[in-house]
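A.B. asks: next one to model:
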Amino acid sequence: MIDYARFAEDYLLVDIDDGVATITINRPERRNAVAGGMHDGFEQLLTLFNRDERVKAAIITGAGDKAFCAGADVKEMASRSGEGAPRPLGGVTQNAKWLIHNFLNLEVPIIAAINGDAVGLGATLALMCDITLMADTARIGDTHVKVGLVAGDGGALMWPFLIGMNRAKELLMTGRLIGAEEAERIGLVNRVVPQAKLMDEARSLARELAAGAPLAIRWTKLSLNQHIWQQMINTHHYSTAVEALTMASEDVREGTTAFAEKRQPNWKGR
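C.D. replies: Numbering: from 1, shown residues only. So this is what the prediction gives:
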């Protein structure tokens, strides 16, 4: 039997009940921002679920009611963004590739229970799920450009699929956060649920999927994912490559430092 307790070290709590695996991003004091081994932890969990016969469906949510996931820990990025800070060559493209690949290869249906703000990489974690339920108090947005980064890990891939190219360009190039009602109206999420009822709705839907015909549901999902795989070939490698370029720019050092210092950045375009 697979033991998921070790993922708690990566701020990921895993509970399996009645065929449903629930992943809770457990770093509420930092708005569930991605840090440490959390990125790798997600990659591994998505692979392990395919090998665990107990898991028939899955849910991702965040601890608390303020944030689903605030994305990368920008203050942590700022602390290591000095001139001499080490930057692993290819790290951005490799990590982004495997996370998205593992989402697309996950056979069991997965639901995002967006309990609070889903920002940057947090928005990608939510939108890579098959079905998205969003609390009426939550917001969502891909804010990469706000710190000088290309929205490359999942933004350029998934947002045009869900809301069309023009809306995707507006929201990704401005980095604007939108509320739950607007997200539902434009088709970014499936539906909005009152905050207090979010997890009940997510579990009810997950149990319904877990009780269904597994081959039919899983292969329907994987058939639909072929459309996304085609776009991966067209878009994702380029978008992650240019995200890696911006990661090495002066602008990203300025953007992350300005965020940490709570001031407007002074962009240089280099």
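A.B. asks: got any ranges where the stretch 51-200 of the chain has weak pLDDT?
C.D. replies: The stretch 51-200 of the chain contains residues with pLDDT under 70 at 78-94.
A.B. asks: need the strands for the stretch 151-270 of the chain, in chain order.
C.D. replies: 178-179, 191-193 (DSSP state E, counting those that start in this stretch).
A.B. asks: mind checking these for the one nearest to Leu172?
C.D. replies: strand 178-179 (11.9 Å; Cβ to Cβ). For glycine as for every other residue, the C-beta is placed from the backbone atoms N, C-alpha and C.
A.B. asks: deepest in the core, which of the strands of the stretch 151-270 of the chain is it.
C.D. replies: Of all the strands of the stretch 151-270 of the chain, strand 191-193 has the most neighbours on average by mean count of other Cβ atoms under 10 Å, namely a mean of 19.
A.B. asks: paired strands for that strand, with orientation please.
C.D. replies: In the sheet, strand 191-193 lines up against strand 131-135 (parallel) (DSSP bridges).
A.B. asks: follow-up on the earlier one: any chance of the strands of the stretch 151-270 of the chain in JSON lines with distance to Glu201 as columns?
C.D. replies: Output for these, formatted as JSON lines (distance: least, Cβ to Cβ, whole Å):
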{"stretch": "strand 178-179", "distance to Glu201": "18"}
{"stretch": "strand 191-193", "distance to Glu201": "5"}
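A.B. asks: find the centremost residue of this protein, please.
C.D. replies: Leu125 (1.6 Å; Cα atoms, centre = their mean).
A.B. asks: measure it to Asn225 for me?
C.D. replies: As judged by Cβ to Cβ, to the nearest Å, Leu125 and Asn225 stand 16 Å apart.
A.B. asks: isn't Gly116 right next to Ile140, touching?
C.D. replies: No: using Cβ atoms under 8 Å, Gly116 makes no contact with Ile140, being 9.9 Å away.
A.B. asks: Thr220: neighbouring residues, count only.
C.D. replies: Applying other Cβ atoms under 10 Å, we find 13 residues neighbouring Thr220.
A.B. asks: now do the contacts for Ser249.
C.D. replies: 148, 270 (Cβ atoms under 8 Å, 6 or more residues apart in numbering).
A.B. asks: got the phi and psi for it?
C.D. replies: Dihedral pair for Ser249: phi -90, psi 160, per degrees, to the nearest 10.
A.B. asks: from Lys268, how far off is it?
C.D. replies: 9 Å.
A.B. asks: test my guess that Ala258 contacts Val252.
C.D. replies: No: using Cβ under 8 Å, Ala258 is not in contact with Val252; the gap is 10.5 Å.
A.B. asks: got any residues that touch both of these two?
C.D. replies: By Cβ under 8 Å, 6+ apart, the residues touching both Ala258 and Val252 are Val147.
A.B. asks: please say which of these two ends up with more neighbours.
C.D. replies: The residue with more neighbours, out of Ala258 and Val252, is Val252; 22 against 19, by other Cβ under 10 Å.
A.B. asks: which of the three states applies to Thr24?
C.D. replies: strand (DSSP: H, G, I helix; E, B strand; the rest coil).
A.B. asks: which one is it nearest to, not counting chain neighbours?
C.D. replies: Leu13 (4.4 Å; Cβ to Cβ, 6 or more residues apart in numbering).
A.B. asks: tell me how far stretch 259-270 is from the chain's mean position?
C.D. replies: Put simply, stretch 259-270 sits 24 Å off its chain's centre (Cα atoms, centre = their mean, to the nearest Å).
A.B. asks: which parts of that stretch are buried?
C.D. replies: With burial defined by 16 or more other Cβ atoms under 10 Å, the residues of stretch 259-270 counted as buried are 259-260, 265.
A.B. asks: now do it: distance from first to last residue.
C.D. replies: Start and end residues of stretch 259-270 are separated by 18 Å (Cα to Cα, to the nearest Å).
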